[in-house]
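Visitor: Take a look and give me a structure for this.
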Amino acid sequence: MDKLFNVGRLVDFQWKLGVSVSSNKCEQLNTPFISVFVKVLDTNNQLASHSFELSVPEFQDFAQQFKDMSTLMDSL
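Guide: Below you'll find the predicted structure:
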């Protein structure tokens, strides 16, 4: 018997590049970052929004993981 693991459906994916220019809590300024905003429709048809920030190398790794998942799904 096959079991399906349902985590919802990605409805919207947006990202933008930003640079911190001033902060009284951060020592590393002028460092680029990526803000990511996603909307997911869960298994109960409820829309959930999530946002998070990544460094540029973290975003590149995140994007590579999506490419790898897409390749895997295409092979099924």
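Visitor: what residue is smack in the middle of this structure?
Guide: Central residue of the chain (CA atoms, centre = their mean): residue 36, 5.4 Å from the mean position.
Visitor: check contacts around that residue.
Guide: Neighbouring residues of residue 36 by CB atoms under 8 Å, 6 or more residues apart in numbering: 13-15, 51-54, 59, 62. In short, each C-beta sits where N, CA and C put it, glycine included.
Visitor: Where does pLDDT dip in this protein?
Guide: Along the chain, the model assigns pLDDT under 70 to residues 1-6, 22-28.
Visitor: hang on, the earlier thing: what strand or helix carries the residue nearest to the centre of the chain?
Guide: Using DSSP states H and E, residue 36 sits in strand 32-41.
Visitor: quick one on the thing from earlier: inside strands: which ones of the contacts of residue 36?
Guide: Cross-referencing the contacts of residue 36 against strands under DSSP state E gives 13-15, 51-54.
Visitor: And those, which two are furthest apart?
Guide: Taking CB to CB as the measure, the ones in strands among the contacts of residue 36 span a maximum distance of 14.8 Å, between 13 and 53.
Visitor: ok, the strand holding residue 36: who's next to it in the sheet?
Guide: Paired with strand 32-41 in the same sheet, following DSSP bridges, are strand 9-19 (antiparallel), strand 47-55 (antiparallel).
Visitor: Relative to residue 75, how far out is residue 11?
Guide: Separation of residue 11 from residue 75 (CB to CB, to the nearest Å) stands at 25 Å.
Visitor: Between these two, point out the one with more neighbours.
Guide: Using other CB atoms under 10 Å, the more surrounded residue of residue 11 and residue 75 is residue 11, with 12 against 6.
Visitor: Report the contact partners of the more buried one.
Guide: When contacts are counted by CB under 8 Å, 6+ apart, residue 11 touches 39-41, 47.
Visitor: possible to save those as JSON lines with distance to residue 31?
Guide: Compiled in JSON lines, the contacts of residue 11 are given as follows (distance: CB to CB, whole Å):
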{"residue": "39", "distance to residue 31": "27"}
{"residue": "40", "distance to residue 31": "28"}
{"residue": "41", "distance to residue 31": "34"}
{"residue": "47", "distance to residue 31": "32"}
